[in-house]
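*Asks:* turn this into a structure:
(one chain, ligands or ions: 1)
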Amino acid sequence: MSLKETDGAVYSLIEKEEAYQKKTLRLIASENYASRAVMEATGSILTNKYAEGYPKKRYYAGNTYVDEIELLAIERAKKLFDVGHANVQPHAGACANIAAFFAFLEVGDKFMGLDLANGGHLTHGSPVNFSGKWFKPAAYTLSKETERLDYDEIRKKAKEEKPKMIICGYTAYPLIIDFKEFRSICDEVGAVMMADISHFAGLVAGGAYPSPAKYADIITTTTHKTLRGPRGAMIMCPEANGQKIDKAVFPGMQGGPLEHCIAAKAVCFHEAMQPNFKVYAAEVVKNAKILSEELMAHGLRLVAGGTESHLILLDLTPKGVTGKDAQIALEEAGIITNRNTIPFDTRSPFVTSGLRIGTAAMTTRGMGGEEMKRIASMMIKIINNPLDIGLRSKIKLEVEELCNRFPI
Ligand code: DSN
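*Replies:* Residues are numbered from 1 along each chain as shown. Now for the predicted structure:
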């Protein structure tokens, strides 16, 4: 029986969500729209299969085709990112990062990651996360003056702290990371270099952002952000580290892999190898630049002074609005964003002084420079008048008109 016949409640909620996604502007920097092909694979009969282990070394019978699918995903990932080894089994970015820690560190070991409030991730050392509870984080921060990575300061701290691992790659940093510089810092202190490229993996695949492949000992990434695949993750590394990584994923922290998601990852890698994905990646960055310039022209302050990726971090302090209030007002107008701390934020992560936006999803819908200018203008009106209910309704109609012209 179909979902509609079996469970009308879930069916109707999915229908409502679909309509909502169609008529709203999704500016959340970590979101995108997966293709029909990716979703078809995710919803396939592969969900029925147990395949603990790795291709040709499974703990269950009946994996002839599942093996072929996982091998295809691995080969495509290696080719797409030019790496010696790929593990496509991690269920999510956090799982990939847990496996990375367990592959290289012992519980209690010291590591360095960017402070969460400065743009790092929960799994990079937050005290409420496994990384901060089981390991010893020595967080580095951005420069207070420039809000950019300060490699001299990171080097100095690494020399003082002598961490076993240094993480680069963030969730709210708009600029390009100098992976070569991180390699040289890691070499100077004998640390493992981990690059978490979850946010910009699609830009790396499309040649619009530098790759850490030549430098990092381990690369983790989700597959659903700029890479535009299914929800999930993977780990990549030089061939020499492959065995360590595979053991850390299974049996280290996961059981049966989600082969339907792995098939969808294979489809996503295939899509990312096509020439039009390069065009997409370049367009994402171009759109982010146009959007950021337009927002700045209307008096908004951008953290780090701008963007070199898909991501923009706004400091709303000069406007006298909190991230939380701006997020709520924009959502009412059909513009979906997320509040975010800015470096050295004085407000709590629940309130924040900042707002994070990104152009990956809107670029997938086919929007370009003109639409970015229009989005900036609508955002500015709301941010300047966050309590104006009438304005929200007016902008909501404009948003719907724009969305109708760029269907998913
Ligand atoms: N939730 C992701 C993001 O939005 O950046 C990180 O896990």
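*Asks:* how about the residues of this structure near the ligand?
*Replies:* By CB under 6 Å from any ligand atom, the residues of the chain that approach the ligand are 30, 93, 121, 171. Any C-beta I mention is one placed from the backbone N, CA and C, and that applies to glycine too.
*Asks:* I'd like to know how far the second one sits from Ala201.
*Replies:* Gly93 sits at a distance of 10 Å from Ala201 (criterion: CB to CB, to the nearest Å).
*Asks:* who has more neighbours, these two?
*Replies:* Taking neighbours as other CB atoms under 10 Å, Gly93 and Ala201 compare with Ala201 leading, 30 against 26.
*Asks:* next up, the contacts around the more buried one.
*Replies:* Listed by CB atoms under 8 Å, 6 or more residues apart in numbering, the contact partners of Ala201 are 221-223, 225-227.
*Asks:* in strands, which of those residues appear?
*Replies:* Of the positions in those, 221-222 sit in strands, assigned by DSSP state E.
*Asks:* now the contacts of Ala201 in CSV, with neighbour count?
*Replies:* Formatted as CSV, these follow (neighbours: other CB atoms under 10 Å):
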residue, neighbour count
Thr221, 30
Thr222, 26
Thr223, 31
Lys225, 28
Thr226, 36
Leu227, 32
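*Asks:* ok, the residue nearest to Ile389 when sequence neighbours are not counted - how many residues close by?
*Replies:* Once flanking residues are discounted, Ile389 sits nearest to Glu332: 7.8 Å by CB to CB, 6 or more residues apart in numbering. Using other CB under 10 Å, Glu332 is surrounded by 16 other residues.
*Asks:* now do Glu145
*Replies:* When neighbours are counted by other CB under 10 Å, Glu145 registers 7.
*Asks:* a strand runs through it, doesn't it?
*Replies:* No - according to DSSP: H, G, I helix; E, B strand; the rest coil, Glu145 belongs to no strand; its state is coil.
*Asks:* for Gly305, see how far away it is.
*Replies:* Per CB to CB, Glu145 is found 11 Å from Gly305.
*Asks:* go on, His85?
*Replies:* His85 is 37 Å from Gly305, by CB to CB.
*Asks:* and if you look at Val267?
*Replies:* Distance, Val267 to Gly305, by CB to CB: 38 Å.
*Asks:* so for these two, which residue has more residues nearby?
*Replies:* A direct count of neighbours by other CB under 10 Å for Val267 and Gly305 places Val267 higher, at 23 against 13.
*Asks:* what sits against that one?
*Replies:* Neighbours of Val267 in contact, by CB under 8 Å, 6+ apart: 35, 37-38, 41, 229.
*Asks:* now those: which count as buried?
*Replies:* Buried members of these, counted by 16 or more other CB atoms under 10 Å: 35, 38, 41, 229.
*Asks:* make a markdown table from these and add pLDDT to it.
*Replies:* Below are the buried ones among the contacts of Val267 laid out as a markdown table (pLDDT from 0 to 100):
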| residue | pLDDT |
| --- | --- |
| Ser35 | 98 |
| Val38 | 98 |
| Ala41 | 98 |
| Gly229 | 98 |
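*Asks:* mind listing which of those are in helices?
*Replies:* Mapping those onto helices (DSSP state H) picks out 38, 41.
*Asks:* quick check: pLDDT value at the one residue in the stretch 101-250 of the chain that gets nearest to the ligand.
*Replies:* The stretch 101-250 of the chain approaches the ligand most closely through Thr171 (3.8 Å), counting by CB to the nearest ligand atom. Thr171 carries a pLDDT score of 97 in this model.
*Asks:* ok, now Thr123?
*Replies:* Per-residue confidence (pLDDT) for Thr123: 98.
*Asks:* same question, Ile167
*Replies:* Taking Ile167 on its own, its pLDDT is 98.
*Asks:* quick check: it touching Leu114?
*Replies:* Yes - in this structure Ile167 lies within contact range of Leu114 using CB atoms under 8 Å: 7.3 Å.
*Asks:* between the two, which contacts overlap?
*Replies:* Each of 120, 124 lies in contact with both Ile167 and Leu114 under the rule CB under 8 Å, 6+ apart.
*Asks:* neighbour count: those two, which is higher?
*Replies:* Ile167 (31 against 27).
*Asks:* if we can go back for a sec, from the contacts of Val267, which is closest to the ligand?
*Replies:* When those are ranked by distance to the ligand (CB to the nearest ligand atom), Gly229 comes first, at 14.8 Å.
*Asks:* now do the SS call for Glu401.
*Replies:* Counting by three-state DSSP, the backbone at Glu401 sits in helix.
*Asks:* hmm, I was thinking of Met194
*Replies:* At Met194 the chain is in strand, as set by three-state DSSP.
*Asks:* what's the local residue count around it?
*Replies:* The burial count for Met194: 30, using other CB under 10 Å.
*Asks:* for the nearest residue to Pro349 once chain neighbours are set aside, list the residues it contacts.
*Replies:* Leaving aside its sequence neighbours, Pro349 sits nearest to Thr341 (CB to CB, 6+ apart; 5.5 Å). Listed by CB under 8 Å, 6+ apart, the contact partners of Thr341 are 116-118, 172, 323, 347, 349, 352-354.
*Asks:* against Ala99, how distant is Thr341?
*Replies:* Thr341 is 27 Å from Ala99, by CB to CB.
*Asks:* how about Glu70?
*Replies:* Separation of Glu70 from Ala99 (CB to CB) stands at 16 Å.
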